[in-house]
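Enquirer: would you be able to build a 3D model of this:
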Amino acid sequence: MKSYPALQKNSNEAPKAVIFNIQRFSTEDGPGIRTTVFFKGCPLSCLWCHNPEGIRQKPELMWYESRCIGARDCLTACPESALSLTPKGMVIDRERCTTCGKCEEACPAAALEVIGKEYTVDELFFEVNKDEAFYRNSGGGVTLGGGDPGMFPDFASRFLARCKEAGISTAIDTTGAFAEKAYDPILPHTDLILYDLKQMDEEMHKKATGVGLAHILRNAELFGSGDIPMWVRTPIIPGWTDQEENVRAVARFIAEKMPAVVRYELLAFNNLCVDKYQRLDSSYKLCDAPLIKKETMEKLASIAKENWSGDVRWSGATRLEDE
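Expert: Below is the predicted model:
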């Protein structure tokens, strides 16, 4: 199995994690109003990933073309001479760039941004605790996602414990791709597990995500037979996960192996992430893929209900019938 760098601490230093987004007022990642913390670093590389800035563990520099006013202050601020502004836009030499942030500080229009900041547990808790009143009045809480919080097990464990001490409900959104021991320190402080089962065909799963399926299914069965409630989610991606037999297989697996699951969600594909890939000098392989039709989502949801008797839902934008 692929191994992943455990990050975080030197000798007696407090553990740190690289976070690329703290999304407040989230209503998709668990019950109530939540704050979702996005960890940087993911063991999967899904073709349809909507958060490409969360795949790599290290911070990365993004350039926003629409904000750039051509001031060029960034060019002289960069100590590595890693930036050049051409008629076609900003060119970032990513071999030279150390993401020191000096260009970000120099830019008067906020056109450059280092994605991924280091936080200590205390610093992150200070941020999420600002929303405590919303959690308390909505039945919400904090969700750790990404990327995957499993990249930072020690940090995630300490942070979740801190939330629990403060009476804040907790959830993790994980790929399930880590060794079981990576989850051991995290789960005792977790109230809800969000878990993706994307594709039940081993070969297709590996082509689409870069990793095999067997380990993810073992963890799904392990967590699903435990006492922490789970939401299972399947992104419905045209040509990759939208087969009726795939949704049927996921629902049957839940029914047979995962009694802890309380909700199964089907999430319709969207292509709103194209600009993110461009800002990272990358390409989105599914940029021309069509949205899923509403009737397809309803059909897949009905198949899921036929094979699992629990709470099945679908969400997301769908294609108009005449498109």
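
Enquirer: how would you label the residue nearest to residue 139 when sequence neighbours are not counted: helix, strand or coil?
Expert: Distances taken as CB to CB, 6 or more residues apart in numbering place residue 32 nearest to residue 139, at 3.8 Å, with adjacent residues excluded. To be clear about C-beta, it is placed using only N, CA and C from the backbone, and glycine gets the same treatment. Using DSSP: H, G, I helix; E, B strand; the rest coil, the structure places residue 32 in coil.

Enquirer: with the one 5 residues further on instead?
Expert: Applying three-state DSSP to residue 37 yields a three-state assignment of strand.

Enquirer: OK, contacts around it?
Expert: 19, 21, 22, 23, 124, 128, 142, 143, 144, 145, 149 (CB atoms under 8 Å, 6 or more residues apart in numbering).

Enquirer: so of those, which ones are in helices?
Expert: Among the contacts of residue 37, the residues falling in helices (DSSP state H) are 124, 128.

Enquirer: ok, the residue nearest to residue 139 - contacts?
Expert: 134, 135, 138, 139, 140, 141, 169.

Enquirer: for the stretch 151-300 of the chain, what spans make up the strands?
Expert: 169-174, 192-196, 230-236, 261-268 (DSSP state E, counting those that start in this stretch).

Enquirer: now those in CSV, with mean pLDDT and distance to residue 292?
Expert: Formatted as CSV, these follow (pLDDT from 0 to 100; distance: least, CB to CB, whole Å):
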stretch, mean pLDDT, distance to residue 292
strand 169-174, 98, 21
strand 192-196, 98, 17
strand 230-236, 98, 5
strand 261-268, 98, 5
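
Enquirer: quick check: buried residues in the strand ranked longest in the chain?
Expert: Longest strand of the chain, by residue count under DSSP state E: strand 16-26. Under the neighbour-count criterion of 16 or more other CB atoms under 10 Å, strand 16-26 has 16, 17, 18, 19, 20, 21, 22, 26 buried.

Enquirer: could you flag which of the contacts of residue 32 are buried?
Expert: 134, 135, 140, 141, 169.

Enquirer: what pLDDT is listed against residue 2?
Expert: With respect to pLDDT, residue 2 scores 42.

Enquirer: what is the neighbour count of the residue nearest to residue 50 when sequence neighbours are not counted?
Expert: In space, not counting the residues next to it along the chain, residue 50 is nearest to residue 273; the distance is 4.4 Å by CB to CB, 6+ apart. Number of residues near residue 273 (other CB atoms under 10 Å) recorded here: 17.

Enquirer: surely residue 273 and residue 49 touch.
Expert: Yes. Here residue 273 reaches residue 49: they are 7.5 Å apart, a contact under CB atoms under 8 Å.

Enquirer: just checking, residue 186 touches residue 159?
Expert: No. Applying CB under 8 Å as the test, residue 186 and residue 159 come out as separate, 9.6 Å apart.

Enquirer: pretty sure residue 113 is in a helix, no?
Expert: No. Counting by three-state DSSP, residue 113 is located in no helix; its state is strand.

Enquirer: got a list of what residue 14 touches?
Expert: For residue 14, the contacting residues are 120, 121, 122, by CB under 8 Å, 6+ apart.

Enquirer: for the second one, give me its contacts.
Expert: Applying CB under 8 Å, 6+ apart to residue 121 gives the contacts 14, 15, 155, 158, 159, 162.

Enquirer: quick check: residue 26 vs residue 137, distance?
Expert: 15 Å (CB to CB, to the nearest Å).
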